[in-house]
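>>> Kindly return the folded structure for what I paste below:
(one chain, ligands or ions: 1)
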Amino acid sequence: MFPISSNNFVNNPYTVDYNQQKYWLNTHSQPAYNTAYGYYEQPSVNNADTAAKTVVMAGVLEAVSLGLKKASNWFSNKLAAGKEFTSAENVHRVADEMVRKNNLDVHVGYINDSNKYAYSKYYNLGNQLEEVARGKNAFFTDELKLAVAPSNKPSLILHELGHAINSKNVITKFLQNTRRYAHNAPAALLFANALLSDKNDGKKSFIERNAGILGFAAFLPTIIEEGLASFRGVKAAKKVLNNPAGLNILKKNYLLALSTYIIAGLGLGVAAKYTMLENSVNK
Ligand SMILES: [Zn+2]
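A predicted model of the protein is given here:
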């Protein structure tokens, strides 16, 4: 699915993209310290220098998180404004061929204002198709055996069918499933750190030192699976349409989509680092 919208498809978490907002630091919530006004509760550690560094670090992480959020929006808007690489008929042909060749047991739906209610009712999707009908979302769900894309942006379906193909392979299915748990990375790292680290030696543990990279790593399987889904879509388009001139447009659109995932991974890394830092202040 493309993370154009922040809509979360709650019932089928691994097919749908997590609500990316979850990963951004909530800069409106009050952390244990307040960098903006300079007041700061001295942690029990008697080290003002470390405390000051921590505040600066927290401020930097908040700024980075905000920057990532803005970058993600920029890519999403670019993607939403992206052109179609070929005619709708051609896209349908490629999609049909992907279903046929890979024996996909998946219904393909092109959603618009006139069929969205019928689909919603049949698949019990609530208002999940609103964004799709508006050209702002697409998704695949393995539970419902359904892949949908907007009627006016059908090329998104090729990526979704790429997910459908991925769901049939043990390894790529595993990558798909990790998505459900990725957002727990900051809390999981905190927990693991509390279990594993020796708090009395005064040194930072491996997890504390590498929280950022570990947080990003938790999202890496999702990024890889997303990239692979796009790769499958592009490959199918290339084959069926016999090297269409617009293939670069499709590649560009899919790269924009992938960028938002990479940014989300970085966001998760920042969130993990921040969570660890916050905890070290509260200790
Ligand atoms: Zn996707």
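>>> residues contacting the closest residue to Glu130 other than its chain neighbours?
Excluding its sequence neighbours, the residue lying closest to Glu130 (C-beta to C-beta, 6 or more residues apart in numbering) is Lys116, at 7.0 Å. For every residue, glycine as well, the C-beta is placed using N, CA and C. Contacts here follow C-beta atoms under 8 Å, 6 or more residues apart in numbering; on that basis Lys116 touches Leu129, Glu130, Val132, Ala133.
>>> Now do the phi/psi pair for Lys116.
Phi and psi for Lys116, reported as degrees, to the nearest 10, are phi -60, psi -40.
>>> now Leu104
Per degrees, to the nearest 10, the backbone of Leu104 is at phi -80, psi 130.
>>> Am I right that it is in contact with Ile165?
Yes. In this structure Leu104 lies within contact range of Ile165 using C-beta atoms under 8 Å: 6.9 Å.
>>> what touches both of those two?
Common neighbours of Leu104 and Ile165 (C-beta under 8 Å, 6+ apart) are Met98.
>>> Between those two, which is the more surrounded one?
Set Leu104 next to Ile165 and count neighbours by other C-beta atoms under 10 Å: Ile165 wins out with 22 against 19.
>>> can you pull out the helices in this protein?
For the chain, helices defined by DSSP state H occupy the ranges 48-80, 88-101, 116-123, 130-133, 156-166, 170-182, 185-196, 206-209, 211-240, 247-282.
>>> quick one, which of those is packed in tightest?
Of all the helices of the chain, helix 156-166 has the most neighbours on average by mean count of other C-beta atoms under 10 Å, namely a mean of 26.
>>> still on that earlier bit, save the helices of the chain as TSV, and put in mean pLDDT too.
Below are the helices of the chain laid out as TSV (pLDDT from 0 to 100):
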stretch	mean pLDDT
helix 48-80	90
helix 88-101	97
helix 116-123	96
helix 130-133	95
helix 156-166	98
helix 170-182	94
helix 185-196	92
helix 206-209	92
helix 211-240	96
helix 247-282	92
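>>> export those helices to CSV and tack on distance to the ion?
As requested, the helices of the chain are exported to CSV (distance: least, C-beta to the ion, whole Å):
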stretch, distance to the ion
helix 48-80, 12
helix 88-101, 15
helix 116-123, 19
helix 130-133, 13
helix 156-166, 6
helix 170-182, 10
helix 185-196, 19
helix 206-209, 30
helix 211-240, 5
helix 247-282, 7
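>>> can you tell which of these is closest to Pro150?
helix 130-133 (5.5 Å; C-beta to C-beta).
>>> Could you count how many residues lie near the residue lying closest to Glu84 once chain neighbours are set aside?
In this structure, Glu84 finds its nearest non-sequential neighbour in Ser155, 5.3 Å apart by C-beta to C-beta, 6+ apart. Look at Ser155: counted by other C-beta under 10 Å, it has 26 neighbours.
>>> isn't Ser155 right next to Ser87, touching?
No. Using C-beta under 8 Å as the test, Ser155 is too far from Ser87 to be in contact (10.1 Å).
>>> tell me the contacts of the residue lying closest to Gly233 once chain neighbours are set aside?
Nearest non-adjacent residue to Gly233, counting by C-beta to C-beta, 6+ apart: Leu158, 3.2 Å away. Going by C-beta under 8 Å, 6+ apart, Leu158 touches Val91, Val94, Ala95, Met98, Arg232, Gly233, Val234, Ala236, Ala237, Leu250.
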